[in-house]
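1. the following comprises the amino acid sequence and a computationally predicted model.
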Amino acid sequence: MSIKSTISNSSIRLENILIIGNGGRENSLAWAIQKNELVKKVYLNPGNAGSERINKCERIKIDIDNKNQLVEKLDFLKIDLIVIGPEIPLANGLADFLRKKDFKVFGPGKDGAKLEYSKSWAKRFMQDANIPTANFWKVNSIDEAKEIIDSSLLPLVVKADGLASGKGVYIPDSKDECFRAAESIFNGKFGKSGNVVVLEEKIEGPEVSVFALCDGERYIILPTAQDHKRLNEKDEGPNTGGMGAYSPAPLLKDAELKKIIKEIIEPTIDELNKKNIQYRGVIYFGLMITKSGPKVIEYNCRFGDPECQTIMPLMDQNFVFLLEKCAMGNLTGREKFGTSEKVSGCVIATSKGYPHEYQTGFPIEIGKIDSIDCQIFDSGTTLGENGELLTNGGRVLSIVCQDQNFDMVFEKAYKNLKEINFDGIYFRKDIGHQVRNNFSNED
Ligand code: AMP
Ligand code: GLY
């Protein structure tokens, strides 16, 4: 059943919105935000070649590290709300700076972003709040790591403490592999992000992503989603940023979600408050549903990609009000935000070689795409000298469809994918296999 939103507010100024970031996630946020009639313009800094295909959207190029120029430009553009997409500017304190300059910002300050930029800090945080998560050891040297790895009965998961674009996690099958993973991190594979390593007990179960929009005290939960992290079909191959997703995740029934709220989401927000962290943005809970209940695998301080592209088409025109309320700290937590009665799915088309080395600059052909309930959000594209669309990243395009059920969603997504081509295009053919009745691995 669709839910009609009860939030609206015609008295606030939301004419000019700025989104910081350049991926499919930011394009999908822009697409959802522009639906509101109060919004006249959505600027993306820097966006990508797909951004200006979206209604009301314009790309701008401001150096966010040049703080004086940034403030001048934002004043000039009369920006009413700023949404910061990626983790790096959040971890660098961009939201704090902009708030001090009196801008309305959706995105946590540096203190809140620590949930993502230090895995050891996040683990300690969970321990303090009694939030279920895998057991862990924080180690500062390869000798310390070796001692823990040797004394453990099973191979441990090995993680670089800091930001590593989703690549800093190893799931070894042997102790020897564990040791080598820790060694490569300490040897500088991820630079300073690997000065500290977190070793974790390996846990098992399906994964689900839950997003809470938070105003510092209260929160709203968006439709849940399931990502597909592995590169290849049957969930094999290396971890990637995400090869596809679907939403909502039928795996989480109401009772399970209630348990997650009680044991994970509310304790997280309470603990943030206890630590005097006013978190105004989205908290991404990466969860694993284990035999002994849901556990946190990781926190992120931003929307997931491609979960965001998958969820945004389910939002109605009042989505932007939720972001504004979070930014202002005046969410009631009881907002009934509009969601579609449809379900949504996303398939990512990548460059050959991703998540390892890949080439870019290949022309992209896009044929006849369904005009209803199908969106192409560019993830990594650029325009060539003659205005032609070219590949410009590992993840190139997000193909997102909505329909009555997941069979119809993915049938539509794969039908539209046939209309898309570039040299070396790769995508998984089994996205949504968990929720498709018509799926067989022989397809
Ligand atoms: P992260 O970047 O922390 O989300 O980890 C990437 C992926 O590694 C997760 O989505 C899981 O599939 C896997 N992973 C991370 N930590 C663990 C763990 N403790 N046990 C099993 N798998 C894990
Ligand atoms: N889809 C996983 C992430 O955004 O980290």
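-> Here it is on my side, so go on. Residues are numbered from 1 along each chain as shown. Ligands and ions are numbered 1, 2, ... in the order given.
2. go ahead and flag the most central residue of the protein.
-> What sits nearest the mean C-alpha location of the chain, by CA atoms, centre = their mean, is residue 304, with 1.1 Å.
3. tell me the secondary structure of that residue, please.
-> In terms of secondary structure, residue 304 is coil; the call rests on DSSP: H, G, I helix; E, B strand; the rest coil.
4. contacting residues around it?
-> Residues touching residue 304, when contacts are defined by CB atoms under 8 Å, 6 or more residues apart in numbering, comprise 25, 209, 211, 225, 227, 242, 245, 284, 286. In short, each C-beta sits where N, CA and C put it, glycine included.
5. identify the bridge partners of the second one.
-> Beta-bridge partners for residue 209, by DSSP bridges, are residue 225, residue 286.
6. what is the neighbour count of residue 286?
-> For residue 286, the tally of surrounding residues (other CB atoms under 10 Å) stands at 18.
7. scratch that, residue 150 is what I was asking about
-> Counted with other CB under 10 Å, residue 150 comes out at 10.
8. which secondary structure elements does the helix or strand hosting it contact?
-> Counting by DSSP states H and E, the element that carries residue 150 is helix 142-151. Counting contacts by 3 or more CB pairs under 8 Å, 6 or more residues apart in numbering; DSSP states H and E, helix 142-151 is packed against strand 136-139, helix 175-186, strand 197-200.
9. partner strands of the first one, with direction?
-> Strand 136-139 sits in its sheet next to strand 197-200 (antiparallel), going by DSSP bridges.
10. buried residues in the lowest-mean-pLDDT helix or strand in the chain?
-> The least trusted helix or strand in the chain, going by mean pLDDT, DSSP states H and E, turns out to be strand 236-239, with a mean of 90. For strand 236-239, the buried set under the neighbour-count rule, 16 or more other CB atoms under 10 Å, comprises residue 239.
11. so does that strand get close to ligand 2?
-> No - interface with ligand 2: strand 236-239 contributes nothing (CB under 6 Å from any ligand atom), its closest point being 9.5 Å away.
12. buried residues in stretch 232-251, which are they?
-> 233, 239-249.
13. any buried residues in the helix holding residue 150, and which?
-> Within helix 142-151, the residues that qualify as buried are 142, 144-146, 148-149, counting by 16+ other CB under 10 Å.
14. okay, residue 336: pLDDT?
-> Among the per-residue scores, residue 336 shows a pLDDT of 78.
15. if we can go back for a sec, what is the nearest of the contacts of residue 304 to ligand 1?
-> The closest of the contacts of residue 304 to ligand 1 turns out to be residue 286 (CB to the nearest ligand atom; 4.8 Å).
16. kindly reformat the buried residues of helix 142-151 as TSV containing distance to ligand 1.
-> Supplementary listing: these in TSV, determined by distance: CB to the nearest ligand atom, whole Å:
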residue	distance to ligand 1
142	20
144	19
145	16
146	19
148	14
149	14
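17. might you enumerate the residues of the stretch 201-350 of the chain proximal to ligand 1?
-> By the criterion of CB under 6 Å from any ligand atom, the positions of the stretch 201-350 of the chain lying close to ligand 1 are 202-203, 207, 229, 239, 286, 297-298.
18. pull out the buried members of those residues.
-> 203, 207, 229, 239, 286, 297-298.
19. before we move on, back to that, pipe the buried residues of stretch 232-251 into a markdown table and attach secondary structure per row.
-> What follows is those, written out as a markdown table (three-state DSSP):
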| residue | secondary structure |
| --- | --- |
| 233 | helix |
| 239 | strand |
| 240 | coil |
| 241 | coil |
| 242 | coil |
| 243 | coil |
| 244 | strand |
| 245 | strand |
| 246 | strand |
| 247 | strand |
| 248 | coil |
| 249 | coil |
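20. quick one: least confident of those residues?
-> Comparing pLDDT over the buried residues of stretch 232-251, the lowest reading goes to residue 239, 87.
21. residues of stretch 432-443 that come out buried?
-> Along stretch 432-443, these residues count as buried under the neighbour rule (16+ other CB under 10 Å): 432-436, 439.
22. nearest to residue 293, of those residues?
-> Residue 293 has its nearest neighbour among the buried residues of stretch 432-443 in residue 434, at 19.7 Å by CB to CB.
23. what about the closest one, distance to ligand 1?
-> Taking CB to the nearest ligand atom, to the nearest Å as the measure, residue 434 falls 14 Å from ligand 1.
24. number of nearby residues for the closest residue to that residue other than its chain neighbours?
-> Setting aside the residues directly before and after it, residue 434 is nearest to residue 226 in space (CB to CB, 6 or more residues apart in numbering), at 6.9 Å. The local packing count at residue 226 equals 24, with neighbours defined by other CB under 10 Å.
25. residue contacts, residue 226?
-> Neighbour list for residue 226: 206-209, 245-247, 249, 251, 434 [criterion: CB under 8 Å, 6+ apart].
26. could you redo the last one with a cut-off of 7 Å?
-> Residue 226 sits next to 207-209, 245-246, 249, 251, 434 when contact means CB atoms under 7 Å, 6 or more residues apart in numbering.
27. right, I'll leave it there.
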